[in-house]
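> no sequence on hand, only this structure:
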């Protein structure tokens, strides 16, 4: 099995990158921005796109739905930990980096087991990847 993992990002470059690569299936986080990237990757392929909750971005707890620019003021100690020691970061109600790692590892291993001898594209998020 060949597996391509990509971060959600500039869609035009992603479409070009995958145009001539054989793809059998695409797995994506169910979030809108990753679904858009998965659809872009699929532009020239028409393969199944499978939404997989295990590929979702880190649950940031009380940081969710806050502007990045405001986080340093609202949570100065947590923000400093995020910048300098992200592996130790957590917020009220959040996942830890270790929990994200374990979730992603299990999800990717499940995808690999289900797709022997196939070319798989996985679309996820920066932190999760």
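Perfect, thanks for sending it. No experiment lies behind these values; they were computed from the predicted model shown. Numbers count the residues shown, from 1 in each chain.
> and residue 84, how far is that from residue 30?
Per Cβ to Cβ, to the nearest Å, residue 84 is found 31 Å from residue 30. (Each C-beta comes from the backbone N, C-alpha and C, glycine too.)
> between the two, which has more neighbouring residues?
Neighbour count, other Cβ atoms under 10 Å: between residue 84 and residue 30, residue 30 has more, with 13 against 9.
> and the end-to-end length of stretch 112-125?
End-to-end distance of stretch 112-125 (Cα to Cα, to the nearest Å): 19 Å.
> could you find the closest non-adjacent residue to residue 23?
Leaving aside its sequence neighbours, residue 23 sits nearest to residue 45 (Cβ to Cβ, 6 or more residues apart in numbering; 4.9 Å).
> pretty sure residue 111 sits against residue 27.
Yes: using Cβ atoms under 8 Å, residue 111 and residue 27 qualify as a contacting pair, with a distance of 5.5 Å.
> quick check: residue 121 is in a helix.
No: Residue 121 sits outside any helix when classified using DSSP: H, G, I helix; E, B strand; the rest coil, being strand.
> separation between it and residue 64?
Distance of residue 121 to residue 64, given as Cβ to Cβ: 27 Å.
> ok, these two, which is more surrounded?
residue 121 (25 against 12).
> pretty sure the more buried one contacts residue 41?
Yes: here residue 121 reaches residue 41: they are 5.5 Å apart, a contact under Cβ under 8 Å.
> so what's residue 41 up against?
6, 14-15, 18, 23, 26, 121, 123 (Cβ atoms under 8 Å, 6 or more residues apart in numbering).
> buried ones in the helix or strand containing residue 109, by neighbour count?
In this assignment (DSSP states H and E), residue 109 forms part of helix 97-114. The neighbour-count check on helix 97-114 (16 or more other Cβ atoms under 10 Å) flags 97, 100, 103-104, 107-108, 111 as buried.
> all good on my end, thank you.
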